[in-house]
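Asker: next input, structure requested:
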Amino acid sequence: MGHLKRRDFVKGSTLASTALALSPSSIFTRSLSSGEKKIPICGHLWVYASNFPPNWDCTPILENVFADFQYAGLYGVELMEGQLRHEDAVERIKGYIKKYGVKVSGSSYGVGFGMWDIKQHKAILDDLSVVLPRLSALGGKTFGISVGHKKEGLKTASELDAQAELLLKVRQQCDEQGIEANLHNHTYEVENDMHDLKATLERIPDMALGPDVNWLVRAGVDPVEFIKTYGKQMVYIHLRDQYQDGTWTEYVGQGATDFNAIAKALQETGFKGPAGIELAFPNGFEPEYPLKETWKKSRKYVQQTFGWV
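Answerer: Residues are numbered from 1 along each chain as shown. A predicted model of the protein is given here:
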């Protein structure tokens, strides 16, 4: 089955060619001697989910994800909400955790929803009442929230108010489950001089962030400056690479992204982890390597470049 472009899932991305980043969260940090940083490197399962439109639920091959991540030496799997909606999700996924020794680090959230639309709030909160307890039961600690894209122009002040009102409720539900809610950006939150993200932070200044630095790049935002500005409230991050022309690479470390500058910025802001690698392939892409090898190459590069063990 062919891989879909990540940009086909999240519309409106613009091409750029600069850097990518990483973030902090004390949830997973483990102490080491001699100044080393042991930051859990996880993987988001989008590259598998991209084969299952329109709901992006890769439950039929979820065990393959855990097996690949075990081979690659990744700490945990970052799920999407679709895998958590199945009644047997907790029992089945606990079996994968035990079998492969790979944890569930957390989940991203937001497929098909628009948090700015007050008419959708009840459906979202009802969905969260199912998803969050199951994520907590699996030991997940991070919840990366996508607020949703308004296709017809920028969100109005009243829509941004509604979005912030719901986010506060979502954060409270996460807190009750021992999960750390964070804002996970695609392009639409950070385009137009970061209109959407800035407006949310004006309303909720202490909202934790879990940026995808490649989406920052593609929206024309300098990830190093972003980290310098917002690094203290970053609790998670997605890493993905691209070539100079904006085409996604097969593995992290293959492209034009200045990860060294990003690593330096993260160190200066006190990054504590965890971090998540997220792979995405262009339409029609034929991989050179099996996915488990691609994950392994990516994990090794991230460890070496960022000085994590």
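
Asker: all helices for the stretch 51-200 of the chain, in order.
Answerer: 62-72, 81-84, 89-100, 121-137, 157-176, 191-203 (DSSP state H, counting those that start in this stretch).

Asker: pick the most deeply packed of those helices.
Answerer: Comparing the helices of the stretch 51-200 of the chain by mean neighbour count (mean count of other Cβ atoms under 10 Å), helix 81-84 comes out on top with a mean of 23. For glycine as for every other residue, the C-beta is placed from the backbone atoms N, C-alpha and C.

Asker: circling back to that earlier point, which stretch among the helices of the stretch 51-200 of the chain comes nearest Gly253?
Answerer: Proximity to Gly253 (Cβ to Cβ) singles out helix 62-72 among these, at 13.7 Å.

Asker: circling back: let's have the helices of the stretch 51-200 of the chain in CSV, adding distance to Ala275 and mean pLDDT.
Answerer: Formatted as CSV, the helices of the stretch 51-200 of the chain follow (distance: least, Cβ to Cβ, whole Å; pLDDT from 0 to 100):
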stretch, distance to Ala275, mean pLDDT
helix 62-72, 14, 98
helix 81-84, 21, 98
helix 89-100, 20, 98
helix 121-137, 19, 98
helix 157-176, 19, 98
helix 191-203, 20, 97
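
Asker: got a markdown table for those, with distance to Ile145 too?
Answerer: Converted to a markdown table, the helices of the stretch 51-200 of the chain look like this (distance: least, Cβ to Cβ, whole Å):
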| stretch | distance to Ile145 |
| --- | --- |
| helix 62-72 | 22 |
| helix 81-84 | 10 |
| helix 89-100 | 19 |
| helix 121-137 | 10 |
| helix 157-176 | 6 |
| helix 191-203 | 10 |
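
Asker: mind checking those for the one nearest to Gly110?
Answerer: Taking the helices of the stretch 51-200 of the chain one by one with Cβ to Cβ, helix 81-84 is closest: 7.9 Å.

Asker: from the contact counts, what lies against the closest one?
Answerer: strand 103-109, helix 121-137 (3 or more Cβ pairs under 8 Å, 6 or more residues apart in numbering; DSSP states H and E).

Asker: now with 6 Å, please.
Answerer: Packed against helix 81-84, as judged by 3 or more Cβ pairs under 6 Å, 6 or more residues apart in numbering; DSSP states H and E, are the following elements: helix 121-137.

Asker: just the CA coordinates of the helix it packs on, formatted as PDB?
Answerer: The C-alpha trace of helix 121-137 is given here as PDB (Å, rounded to 0.1, in the frame of the first residue of the first chain):
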ATOM      1  CA  HIS A 121     -16.900  20.700  21.800                       C
ATOM      2  CA  LYS A 122     -19.200  18.100  23.200                       C
ATOM      3  CA  ALA A 123     -18.100  15.400  20.700                       C
ATOM      4  CA  ILE A 124     -14.500  16.100  21.500                       C
ATOM      5  CA  LEU A 125     -15.000  15.900  25.300                       C
ATOM      6  CA  ASP A 126     -17.000  12.700  24.900                       C
ATOM      7  CA  ASP A 127     -14.200  11.200  22.800                       C
ATOM      8  CA  LEU A 128     -11.600  12.300  25.300                       C
ATOM      9  CA  SER A 129     -13.500  10.500  28.100                       C
ATOM     10  CA  VAL A 130     -12.800   7.300  26.200                       C
ATOM     11  CA  VAL A 131      -9.300   8.000  24.900                       C
ATOM     12  CA  LEU A 132      -7.600   9.500  27.900                       C
ATOM     13  CA  PRO A 133      -8.300   6.800  30.500                       C
ATOM     14  CA  ARG A 134      -7.100   4.200  28.100                       C
ATOM     15  CA  LEU A 135      -3.900   6.100  27.400                       C
ATOM     16  CA  SER A 136      -3.300   6.500  31.100                       C
ATOM     17  CA  ALA A 137      -3.900   2.700  31.600                       C
END
